[in-house]
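Q: when you get a sec, could you give me coordinates for this:
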Amino acid sequence: MFVETCIAPVNIALIKYWGKRDEDLILPINDSLSMTLSTDEMCAKTTAAASDKFEKNTMWLNGEEVPFEENPRVMRCIQELKRLASKKPSPKFPVEWKLRICSKNNFPTAAGLASSAAGYACLVYTLACLYGVDQEELTSIARQGSGSACRSLYGGFVKWQMGSKDDGSDSIAVSVAPATHWPEMRVLILVVNDSKKKTASTKGMQRAVVTSDLIKHRAEQCVPKRISEITAAIEAKDFEKFAEITMKDSNQFHAIALDTYPPCVYMNDVSHAISEFVHAFNEAAGSTKVAYTFDAGPNACLYLLEEHVSQVLEAVQRSFPSDCNSNEYLKGIPVKQNSNNSEILLKDSKPYGQNLLKYVIHTKIGTGPKLLSKDESLISTDGLPL
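A: The predicted model follows:
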């Protein structure tokens, strides 16, 4: 039995991907740009095993066996990797051998926290390690599983180029800047609801492309300019410009979701309260210290620099108080809360309500996928989930 285990990160889009020009190959109608998060706090973990003893392909996701060969996206990724493996002069093992794949996320699945991106990136990276395939073509393969998965194959800031070719060969992810370029970048994920979202991203995109009058203008006019501007802001480490572009693009994405018919509603009242809170905090601070973005879900990702984490987190806790103890409420990187500045900044504000946030994850900019040691496998020596 040949076995490999890997982890892959979540990435959160700064300039959103929304809408496809080809559903089967998952080719987007616009470029997108994201920041990869640290695998220390949020990641997908996958073990893939191949053996001549396995009678069928089997997959387990978060402890449950899931249909394998009925999933066209999973099978497309596997077939592409097998195709590359079969070209090798001396493959590690026959590509006809059946597979057993076990995958787990350490964060909520299908809740608008980019679980599919991490999951498919991890699947493709793990199988590439298993088959001994070069990693040059992996972003185009991961894209065919979940579009934004291609961005999770790099660390730091990553651009997914929409491409123009019909076969999608030029629709790939490229690195904009490594995590080491801006190591002070931090993220506070405010989890409002970690249950499965009502409208899946795939369905929402399809509906938007057909019915939204705004989406074409965004793709053709707004996104190219924003990609250029935010790339320059990242290169210059200009947080205020970075924050402004990020928030404007998030707002526009959700405007398109509402312009879709029937509308797709991903943000809720708490999401809008968080947006209001961020603008109030920045106004009180006299400069932009924190930015929000919302993917296709109600949960907020707040970008900020390391030096402002304590102050912003204290303000979050004052505006969105919780009855949970600190260990349940604040997950991820520990924070020393010793600032009273938020009380001064928001002295006239009132809490939005009690227990509106389930919990907060504090994380940072991170690197790409990693190969783990044999003792971290999710599959036992007899080929079953541990």
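Q: tell me where the model's unsure across this protein.
A: Low-confidence segments of the chain, defined by pLDDT under 70, are located at 108-114, 338-348.
Q: and with 80 instead?
A: Along the chain, segments meeting pLDDT under 80 span 107-114, 194-198, 326-327, 337-349.
Q: how is it partitioned into domains?
A: Domain assignment of the chain by automatic domain parsing yields the ranges 2-177+372-376, 185-364.
Q: which of these is buried the deepest?
A: Most buried of the domains of the chain by mean neighbour count (mean count of other C-beta atoms under 10 Å) is domain 2-177+372-376; its value is a mean of 20. Where C-beta positions appear, they are placed from N, C-alpha and C, glycine not excepted.
Q: quote the end-to-end distance of that domain.
A: 14 Å (C-alpha to C-alpha, to the nearest Å).
Q: just the CA coordinates of the helix or strand hosting Val316, formatted as PDB?
A: When elements are defined using DSSP states H and E, Val316 is found to belong to helix 309-319. Once side chains and other backbone atoms are set aside, the C-alpha atoms of helix 309-319 remain, and they are given as PDB (Å, rounded to 0.1, in the frame of the first residue of the first chain):
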ATOM      1  CA  VAL A 309      -5.100  42.900  16.800                       C
ATOM      2  CA  SER A 310      -5.600  43.500  20.600                       C
ATOM      3  CA  GLN A 311      -7.300  46.800  20.100                       C
ATOM      4  CA  VAL A 312      -9.700  45.600  17.400                       C
ATOM      5  CA  LEU A 313     -10.500  42.300  19.200                       C
ATOM      6  CA  GLU A 314     -11.300  44.200  22.400                       C
ATOM      7  CA  ALA A 315     -13.700  46.400  20.400                       C
ATOM      8  CA  VAL A 316     -15.300  43.400  18.800                       C
ATOM      9  CA  GLN A 317     -15.900  41.900  22.200                       C
ATOM     10  CA  ARG A 318     -17.400  45.100  23.500                       C
ATOM     11  CA  SER A 319     -19.700  45.500  20.500                       C
END
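Q: who are the packing partners of the helix or strand just after it?
A: Downstream of helix 309-319, the first helix or strand assigned by DSSP H and E is helix 326-329. If you count contacts as 3 or more C-beta pairs under 8 Å, 6 or more residues apart in numbering; DSSP states H and E, helix 326-329 packs onto strand 359-364.
Q: mind checking how far the strand it packs on is from the chain centre?
A: Here strand 359-364 is found 14 Å from its chain centre; the criterion is C-alpha atoms, centre = their mean, to the nearest Å.
Q: ok, stretch 264-276 next?
A: For stretch 264-276, the distance from its own C-alpha centre to the chain's C-alpha centre is 19 Å (C-alpha atoms, centre = their mean).
Q: what's the answer for stretch 47-64, then?
A: 25 Å.
Q: before we move on, what SS does Met35 have?
A: strand (DSSP: H, G, I helix; E, B strand; the rest coil).
Q: how much space between the residue nearest to it when sequence neighbours are not counted and Gly366?
A: For Met35, the nearest residue in space outside its immediate sequence neighbours is Phe157; the separation is 5.6 Å by C-beta to C-beta, 6 or more residues apart in numbering. Taking C-beta to C-beta, to the nearest Å as the criterion, Phe157 is separated from Gly366 by 11 Å.
Q: who touches both of those two?
A: Shared contacts of Phe157 and Gly366 (C-beta atoms under 8 Å, 6 or more residues apart in numbering): Thr36.
Q: ok, the spatially closest residue to Ile15 that is not a sequence neighbour to Glu136 distance?
A: By the measure of C-beta to C-beta, 6+ apart, the closest residue to Ile15 outside its immediate chain neighbours is Leu33, 4.4 Å from it. Counting by C-beta to C-beta, the separation of Leu33 from Glu136 is 21 Å.
Q: one more: Phe253?
A: If you measure Phe253 against Glu136 using C-beta to C-beta, the figure is 31 Å.
Q: for Leu372, same thing?
A: When C-beta to C-beta is applied, the distance between Leu372 and Glu136 equals 22 Å.
Q: same check, this time on Val210
A: Distance from Val210 to Glu136, counting by C-beta to C-beta: 35 Å.
Q: my hunch is that Asn193 is in a helix, does that hold up?
A: No. Under three-state DSSP, Asn193 falls outside any helix and is assigned coil.
Q: ok, longest helix in this protein?
A: Assignment by DSSP state H gives helix 239-259 as the longest helix of the chain.
Q: since that was my last question, I'll sign off now.
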